[in-house]
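In: How does the following fold in three dimensions:
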Amino acid sequence: MKRLHVHVAVNDLAQSQRFYSALFAAEPTVKKDDYAKWQLEDPRVNFAISTRGKAAGLDHLGIQAENDAELEDLASRLAQADVSVMPQKGAACCYAKSDKYWTLDPQGIAWESFHTLATIPVFGGDTASVPAERKAACCAPAAA
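Out: Next up is the predicted model:
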């Protein structure tokens, strides 16, 4: 079963963590100096915040697949939407290694379809050398 993903860039991580912990009645499942994530069952969402965004606000939306088959099904559906889809296999982002597909919706909002493979000790190792102003979202690969 897939899970909605929301990533919000924040100015004050501690203040935002207190707010969302109260809202969700739960502490983050992942806490880092620059990032926090709630893996919730009700509502079924992977909700993340970080201080890594260019500006505070919505960074990107996504759908988290539980396996490769779900991820490939999402990629197939995106291809039918007649939008550019950028694969990113083995991405190191948000303290996780994942296979992903990135796209933009008609309004220009970045969407990430992903399957998490493992946890890692760095926020965005594969995008560390890409200047922040060239990234479409927190760990999205730079546009060509």
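
In: so what's Gly62 bridging to?
Out: His5, Glu112 (DSSP bridges).

In: contact partners of stretch 81-100?
Out: Residues external to stretch 81-100 that are found in contact with it (Cβ atoms under 8 Å, 6 or more residues apart in numbering): 7, 30, 32, 35, 37, 48, 50, 68, 71, 75, 78-79, 101-105, 112-127, 138-139, 141. The way it works is simple: take the backbone N, C-alpha and C, and place the C-beta from them, glycine included.

In: neighbours of the closest residue to Pro28 other than its chain neighbours, just the number please.
Out: What sits nearest to Pro28 in space, not counting adjacent residues and going by Cβ to Cβ, 6 or more residues apart in numbering, is Ala36, at 4.1 Å. Using other Cβ atoms under 10 Å, the number of residues around Ala36 comes to 23.

In: partners of Ala36 in the sheet?
Out: Lys31, Ile49.

In: what sits against it?
Out: 13, 16-17, 20, 28, 30, 48-50.
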